[in-house]
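Enquirer: model this:
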Amino acid sequence: MRKNVAILVFDDVEVLDFAGPFEVFAVTDELRSHEEFDVATVAPVPGAVRARNGLRVVPDFTIEDCPPPRILVVPGGFGTRAVLRNQVLIKWIQRASRACEVTMSVCTGALVLAQAGMLDGRRVTTHHDAVDALRQLAPKAIVDPGARFHDTGSVVTAAGISAGIDCSLHLVGRLLGEGAAAATAAYLEYERRH
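Expert: Got it, this is the predicted structure:
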């Protein structure tokens, strides 16, 4: 059965933070005869989202009608400042994550997971400019900016922006085997950083 992959989008989300993971999971699904992942974007409210630098995205679902995800991707970007104050969205992330196999953050999406109380005791990372902010929001986490990503089981955090691609490929390898990850990277002509 295909795993629902929900990729959160919101105003001022960093484009590559969500588009990189979207491409990795969608291409993996395509290469494996559409048997692995059903990838969709989800937004806090209906209507188009204006991502960083003006890209307009029409999400597939809102948090009210999104099918229960098995993988939830929380990207970052300037828009996380507003997300941190959105208690409805934070509560949805908490609820959705409880039923997920994996919740993954990219870049400053880690701040959102910290706000949701999901990082205590975990080794985590974020964009290099947000390391201090993450330490303040998650004082019980082990903030380690020295790695491209950290996998702590049900929560995986990626460093800044393009690291979401490497982290997504790592998850593909973890869930489907290294061959699937290598095939996806080859198709994308992407040189992985571990």
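
Enquirer: Going by C-alpha atoms from here, please, whenever you check contacts or count neighbours.
Expert: Will do.

Enquirer: Quick one: the strands in the protein, in order.
Expert: 3-8, 37-43, 49-50, 56-57, 61-62, 71-74, 102-106, 123-124, 142-143, 149-151, 155-158 (DSSP state E).

Enquirer: Strand 3-8 and the longest one, what's the angle between them?
Expert: Counting by axes from the mean of the first three to the mean of the last three C-alpha atoms, to 10 degrees, strand 37-43 lies at 30 degrees to strand 3-8.

Enquirer: Show me what strand 37-43 is packed against.
Expert: Applying 3 or more C-alpha pairs under 8 Å, 6 or more residues apart in numbering; DSSP states H and E, we find strand 37-43 packed against strand 3-8, helix 15-31, strand 61-62.

Enquirer: just checking, Asp151 touches Thr157?
Expert: Yes - applying C-alpha atoms under 8 Å, one finds Asp151 in contact with Thr157, separated by 6.7 Å.

Enquirer: Looking at the two, which one has more neighbours?
Expert: Between Asp151 and Thr157, Thr157 has the larger neighbour count (other C-alpha atoms under 10 Å), namely 32 against 18.

Enquirer: Provide the count of other residues in contact range of the nearest residue to the more buried one once chain neighbours are set aside.
Expert: Closest residue in space to Thr157, ignoring its immediate chain neighbours: Ser105 at 4.8 Å, by C-alpha to C-alpha, 6 or more residues apart in numbering. Using other C-alpha under 10 Å, Ser105 has 32 other residues around it.
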